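In: With the sequence up front, the predicted model follows.
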Amino acid sequence: MTCSCSHKEEEHKKDSCCCHSSHKKEESHSCCSSNSHKEKDAPTCGCGSHKHSNSHQGLILIVSAISIIVSFFFAHKIPLAPFTDPAWIAIFFCAIPIFKEAFSALIKDKRIGSPLLVSTAMIAAFVLQIFAFFGGEFSSSHEHSYIFVVAEISFLMALGEWLEERTVKKARRGIESLQNLMPKIALKKSGNEFVEVDIKDIKIGDIICVRPNDMIAADGIVTLGDTSVDESNMTGESMPIDKTIGSHVLGGTFNKSKYIEIDVTKNSSESAISKLIKLVEEAEGKKAPISRIANKWASYIVPAAIITSFVIFLLARFLLSTTLPEAIIRGVTILVVFCPCAFVLATPTAIAASLGNAAKHGILIKSGDALERLAKITSIFFDKTGTLTEGKIQVKKIIAVSYSENEILAYAACAEKFSEHPIAKAILNFAKDKVEIPNPEKVESLVGFGIKATCNSKNISVSKCENLDSPLLNESFSNGETVVQIEIDSVLIGYITLFDTIRASARKSIASLYKNGYECAILSGDNHKAVRSIANMIGINDVYAQLAPHDKQSLVAQTQRENKKVCMVGDGVNDTPALAEAYSSIAMADSKSDIAIDTAQISLLGAELSKIPQVLSLSKRAMFTIKINITFSLLVSFAAIILSLYGIVTPVSGALIHNASSVIVVLNSARLLKFKSE
């Protein structure tokens, strides 16, 4: 089988990477892994090697810092000061952008922000320097070198902004890395050859090939070969997952060992990785309510600072009987220390760091609002099948009432033939090698209850069992098995019992939730005995069984009317109403839960329950960090105002205090990047 790769040998010598995709230097190109295209023929991609604006800004900060240090020690010894003060270099690089931003926001956007307050403080310092230059009482010591003050204020503001950008960028890296997983090309089967095509041209039903060590280009089902797939970038699962014929694979993951062919089941816009990228975009555009409060207060703080500055000037001049220059200096100091930068930075830096931490561990949080809501929940409701259990349901046995076991199985499989429900798939897998499965003539899905169909002119219904007292089923119910009943023209002909495997981390995760004070319950459409059996195995006390989707939604709503905040955890269509109703919601993000992912506020890649205590702990720590940041910033501002009134804090020391508080807030938020729950 030949690779019909359209890249010519000379194309590999161009500056651009021949695969037009993101990959490590040592990785093979997905389009060039055949013998005719060796890695050595391709140039270094240079992915990630371009310089960012952060590097340029870092150089500016270094030059500015040097100029300020020289100014501090030698400015008073340099002739023609203050015109030759080295601090002018820092002012040119750091102050001018602040002035531009302040007046642009004021004139164009009619918006008052912290840059305006900082600009006002710097202008006041310039005015003081003019007075000092003409020999007034303003020039009494080195600390009243107001050019140095302006440079220091602007430099520390720029430094704080640079640190914030680095923190946010590092925080977003875990999320944005998902976007780099979007495949660009695929090898589509055309006759006996494979032709390289753009991933956007791949359609459902196409057959694509994936060679060893190549990225899987689309979601689909393996139709040829067996291999192991590295899904760590999507699910957080560290070990490769074995895949055989019939296994589902995700676009953006890596084929580790053998050649496989895949039947594409989703268009590129509907693939799992596309869904996750959509969540990233949503997360970037939403803010937590606590963030909106901070921004609202910041707009009030700016005019309040100007008023306070004038009041401090009056108090210093007339109450404390200071000289006019000293009173003006103390008023100007207020403008320096009152700026709400630390207050405004308190929330967005913590939210960004938390979202980045979560994404790194396979937890996609849609917004800051979702993170804040999660921190407030008191109760957690779980769906059973596919959430607390693996969702890999298998038929255990058929119990005949009338008709033979094979006839019961054939009728049930016929009714379920085109259903995507886990129970339907289990019945079809069990039946495919045992009986012939005709196509149903008519199908009616009863979400949350079962399915009706016409098969061979007979009205078949497959539904959850309501006969909980049948001696035939006692053992099945005691073992936690799910039982469906099969009827022909409303007459019972038999039962099919099914079993599911409890998720390995379920019991430990539930124990952790109880330990931290959360109320837990199972909401399931299955019968009470089966649900109670599962609950006993994993340690959940409260059980609500035989619930239709609207019953789950009603129970969530009723619980929240009791002043409790519910987090609903589910994986399927029947959980969607409850996910939408709940104060907070989490979806088990596997390939079957697209609707649940769209509805839920948080998605767990890899559907790992142990991530729930982890993200709960992260959300609480994030909100605690935000509150600490806000409290700290307000206390620093209040203390600096009092000290400024008595002249203890000067414009120079005020600039240090103000900007140091901003840096401390950013660094405190950055700690969330490495936060790990106990």
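Out: Great, that's in hand.
In: Do a quick rundown of the strands in the stretch 101-250 of the chain.
Out: 185-190, 193-198, 207-210, 220-224, 227-230, 241-243, 248-249 (DSSP state E, counting those that start in this stretch).
In: Switch these over to JSON lines; also include mean neighbour count.
Out: To be clear about C-beta, it is placed using only N, CA and C from the backbone, and glycine gets the same treatment. Conversion of the strands of the stretch 101-250 of the chain to JSON lines gives the following (neighbours: other C-beta atoms under 10 Å):
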{"stretch": "strand 185-190", "mean neighbour count": "22"}
{"stretch": "strand 193-198", "mean neighbour count": "16"}
{"stretch": "strand 207-210", "mean neighbour count": "23"}
{"stretch": "strand 220-224", "mean neighbour count": "18"}
{"stretch": "strand 227-230", "mean neighbour count": "20"}
{"stretch": "strand 241-243", "mean neighbour count": "18"}
{"stretch": "strand 248-249", "mean neighbour count": "20"}
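In: Quick one: closest of the ones you listed to residue 356.
Out: strand 227-230 (22.0 Å; C-beta to C-beta).
In: what residues does that closest one touch?
Out: Applying C-beta atoms under 8 Å, 6 or more residues apart in numbering, the contact partners of strand 227-230 are 212, 216, 240-243, 249, 253-260.
In: related to what we said a few turns ago, got CSV for the strands of the stretch 101-250 of the chain, with distance to residue 518 too?
Out: Formatted as CSV, the strands of the stretch 101-250 of the chain follow (distance: least, C-beta to C-beta, whole Å):
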stretch, distance to residue 518
strand 185-190, 44
strand 193-198, 47
strand 207-210, 42
strand 220-224, 38
strand 227-230, 34
strand 241-243, 31
strand 248-249, 32
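In: can I get those in CSV with mean pLDDT and distance to residue 598?
Out: Shown next, in CSV, are the strands of the stretch 101-250 of the chain (pLDDT from 0 to 100; distance: least, C-beta to C-beta, whole Å):
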stretch, mean pLDDT, distance to residue 598
strand 185-190, 84, 25
strand 193-198, 85, 26
strand 207-210, 91, 26
strand 220-224, 92, 21
strand 227-230, 83, 25
strand 241-243, 81, 25
strand 248-249, 86, 19
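In: And stretch 99-106, what's buried?
Out: Going by neighbour count (16 or more other C-beta atoms under 10 Å), the buried part of stretch 99-106 is 99, 101, 102, 105.
In: does the third one really touch residue 115, like I thought?
Out: Yes. Contact criterion C-beta atoms under 8 Å: residue 102 and residue 115 qualify, at 3.8 Å.
In: which of the contacts of strand 227-230 count as buried?
Out: For those, buried by 16+ other C-beta under 10 Å: 216, 240, 241, 243, 249, 253, 254, 255, 256, 257, 260.
In: check contacts around the last one.
Out: Contact analysis of residue 260 by C-beta under 8 Å, 6+ apart lists 209, 210, 222, 224, 225, 226, 227, 243, 249.
In: with the residues you listed in mind, which one is nearest to residue 637?
Out: Of the contacts of residue 260, the one sitting nearest to residue 637 (C-beta to C-beta) turns out to be residue 249, at 54.9 Å.
In: Quick check: beta-bridge partners of the closest one?
Out: residue 220 (DSSP bridges).
In: Can you find the helix or strand in this protein with the smallest mean pLDDT?
Out: strand 3-4 (a mean of 38; mean pLDDT, DSSP states H and E).
In: Can you name the element that comes right after that strand?
Out: helix 53-74 (DSSP states H and E).
In: By neighbour count, which bits of that following helix are buried? Give me those.
Out: 57, 60, 61, 64, 65, 67, 68, 71, 72.
In: so how far is the following helix or strand past it from its chain's centroid?
Out: Downstream of helix 53-74, the first helix or strand assigned by DSSP H and E is helix 87-90. Here helix 87-90 is found 41 Å from its chain centre; the criterion is C-alpha atoms, centre = their mean, to the nearest Å.
In: For the closest residue to residue 363 other than its chain neighbours, give me its contacts.
Out: Leaving aside its sequence neighbours, residue 363 sits nearest to residue 615 (C-beta to C-beta, 6 or more residues apart in numbering; 5.0 Å). Neighbouring residues of residue 615 by C-beta under 8 Å, 6+ apart: 358, 363, 365, 374, 586, 602, 604.
In: Return the member of those nearest to residue 439.
Out: Nearest to residue 439 among the contacts of residue 615, with distances taken as C-beta to C-beta, is residue 604, at 36.6 Å.
In: Counting neighbours, what do you get for that closest one?
Out: Residue 604: 30 surrounding residues under other C-beta atoms under 10 Å.
In: What spatial separation is found between residue 334 and residue 489?
Out: Between residue 334 and residue 489 the computed distance is 86 Å (C-beta to C-beta, to the nearest Å).
In: quick one: which of those two has more around it?
Out: Between residue 334 and residue 489, counted using other C-beta under 10 Å, the more crowded position is residue 334 (28 against 9).
In: in which helix or strand would I find the closest residue to the more buried one other than its chain neighbours?
Out: Spatial nearest neighbour of residue 334, excluding adjacent residues (C-beta to C-beta, 6+ apart): residue 309 at 4.0 Å. Applying DSSP H and E as the criterion places residue 309 in helix 289-314.
In: Which SSE is immediately downstream of that helix?
Out: Following helix 289-314 in sequence, per DSSP H and E, is helix 324-338.
In: outside of that following helix, which residues touch it?
Out: With C-beta under 8 Å, 6+ apart, helix 324-338 has contacts from 117, 120-121, 124-125, 128, 131, 136-138, 144, 149, 153, 301, 304-306, 308-310, 312-314, 316-317, 322, 636-637, 640-641, 644-645, 647, 649-651, 654-655, 657-658.
In: Stretch 72-84: how far from the chain's middle?
Out: The answer for stretch 72-84 is 51 Å, by C-alpha atoms, centre = their mean.
In: Can you check the distance spanned by that stretch, start to finish?
Out: 13 Å (C-alpha to C-alpha, to the nearest Å).
In: Just the ones of the contacts of residue 615 in strands?
Out: 363, 365, 586, 602, 604 (DSSP state E).
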